[in-house]
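Asker: I need the structure of the sequence given here:
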Amino acid sequence: MKKILVLVLLLISFASFQVTYASSTGIVGPDVIHKEANKILTTSDILSMYQSSLGGITIQQDGYTGYGNILGSYYIMLYASDGTLTETKEIEVRVISTLGDVQAVSDLKNIHVTTEQSLTPSEIVYVLEKTGYVEITATTQMVILNNAYTGNEETPGTYLFEFRLVNAAGLDQIYLAQIIVKDAADDFVPDVIFEAPPSVVSSVLRGGWILLQYVIAIIFAYFIIKFIKKHKRGGTV
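Answerer: You can find the predicted model right below:
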């Protein structure tokens with residue numbers, strides 16, 4: 001009996017040192033993030049969109065870095081732990097060609113901007129069209145039901161934008177979106193912006209354009225000199 005009791009105590013002690021993996025519900029944040037190919041969205045920006053009751057969130061697997069300027073879908077595995085419980089969450093980053101003057105869009109409908117960016121109601125809806133949240137046609141009309149964002153473009157916070165769309169095809173639907181405004185001072189401010197070196201083709205074209213300008217100048221000068229000489233001869237007659 002004592003041996004069984006000791007064995008049970010050992011099992012309990014061993015179990016207490018095991019890391020328990022919980023479901024991904026412990027990491028709160030978007031499942032999908034849209035970003036524009038030529039806009040900067042760092043992994044730090046992405047991590048700032050998430051919270052966990054277990055504390056800080058880190059990246060366990062990163063399939064996004066290095067591909068943020070290439071169209072496609074890339075996956076990141078988020079990880080959070082308090083030493084006992086461990087949470088993981090896989091998210092998708094979709095890189096598209098155009099999105100608008102925004103930092104990113106989460107879960108198709110929540111727009112992330114800075115205090116230096118400003119969107120009109122129509123621009124908001126066009127951004128949501130890029131993510132596929134709404135569809136705009138030639139007959140689409142909008143009624144704004146709630147707009148807490150306009151007037152607060154320079155104030156950090158989260159603002160509701162509610163609107164109704166109708167069109168000739170019979171659509172009549174209410175949509176809800178959030179505009180998350182972040183202080184631009186928190187953004188990465190570069191000291192130097194590097195430009196890509198000119199390609200061989202552009203260098204050749206530039207050289208050809210300069211040469212053509214010289215040729216045109218020489219031809220123009222030739223005809224000016226010829227014209228002056230002709231008039232001088234005419235004046236001596």
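Asker: ok now do Ser106, which residues does it touch?
Answerer: 29-30, 32-34, 49, 112 (CB atoms under 8 Å, 6 or more residues apart in numbering). The way it works is simple: take the backbone N, C-alpha and C, and place the C-beta from them, glycine included.
Asker: what's the pLDDT at it?
Answerer: Here, the pLDDT recorded for Ser106 equals 97.
Asker: cool, and Ser199?
Answerer: 60.
Asker: now Ile225
Answerer: 83.
Asker: which element follows the helix-or-strand element of the chain with minimal mean pLDDT toward the C-terminus?
Answerer: Ranking every helix and strand in the chain by mean pLDDT, DSSP states H and E puts strand 20-21 at the bottom, with a mean of 41. Per DSSP states H and E, strand 20-21 leads on to strand 27-28 as the next helix or strand towards the C-terminus.
Asker: Can you mark which positions in whatever helix or strand comes next after that next one are buried?
Answerer: As assigned by DSSP H and E, the chain's next helix or strand after strand 27-28 is strand 32-36. Going by neighbour count (16 or more other CB atoms under 10 Å), the buried part of strand 32-36 is 33-36.
Asker: again, but for stretch 42-53
Answerer: Residues of stretch 42-53 classed as buried: 45-46, 49-50, 52 (neighbour count, 16+ other CB under 10 Å).
Asker: before we move on, what about stretch 162-174?
Answerer: 163, 165, 167.
Asker: tally of neighbours for the nearest residue to Ile124 once chain neighbours are set aside?
Answerer: Of all residues not flanking Ile124 in the chain, Phe161 sits nearest, at 5.9 Å (CB to CB, 6 or more residues apart in numbering). Neighbour count for Phe161, taken as other CB atoms under 10 Å: 24.
Asker: quick one: which helix or strand includes Phe161?
Answerer: strand 157-166.
Asker: Measure how far that strand is from the centre of its chain, please.
Answerer: 20 Å (CA atoms, centre = their mean, to the nearest Å).
Asker: which one among the contacts of Ser106 gets closest to Val134?
Answerer: Distance ranking of these against Val134, using CB to CB, places His34 first at 13.5 Å.
Asker: And the closest residue to the closest one other than its chain neighbours, which helix or strand is it part of?
Answerer: Closest residue in space to His34, ignoring its immediate chain neighbours: Val105 at 4.3 Å, by CB to CB, 6+ apart. Assigned by DSSP H and E, Val105 falls within strand 104-106.
Asker: May I have the beta-bridge partners of the nearest residue to Gly56 once chain neighbours are set aside?
Answerer: Sequence neighbours aside, Ala80 is the residue nearest to Gly56 in space, at 6.8 Å (criterion: CB to CB, 6+ apart). On the basis of DSSP bridges, Ala80 takes part in beta bridges with Ile57, Glu87.
Asker: Tell me the spacing between Ala80 and Ile96.
Answerer: Taking CB to CB, to the nearest Å as the measure, Ala80 falls 28 Å from Ile96.
Asker: And these two? Which one has more around it.
Answerer: The neighbour count for Ala80 versus Ile96, taken as other CB under 10 Å, is higher for Ala80 (23 against 16).
Asker: Identify the residues contacting that one.
Answerer: 26-27, 52, 54-58, 86-88.
Asker: hmm, 7 Å instead?
Answerer: Ala80 makes contact with 26-27, 52, 54-57, 87 under the criterion CB atoms under 7 Å, 6 or more residues apart in numbering.
Asker: So of those, which two are at opposite extremes in space?
Answerer: Across the contacts of Ala80, the longest distance by CB to CB is 12.7 Å; it joins Gly26 and Gly56.
Asker: When the two are compared, which one has more neighbours?
Answerer: Using other CB under 10 Å as the criterion, Gly26 and Gly56 rank with Gly26 on top: 19 against 11.
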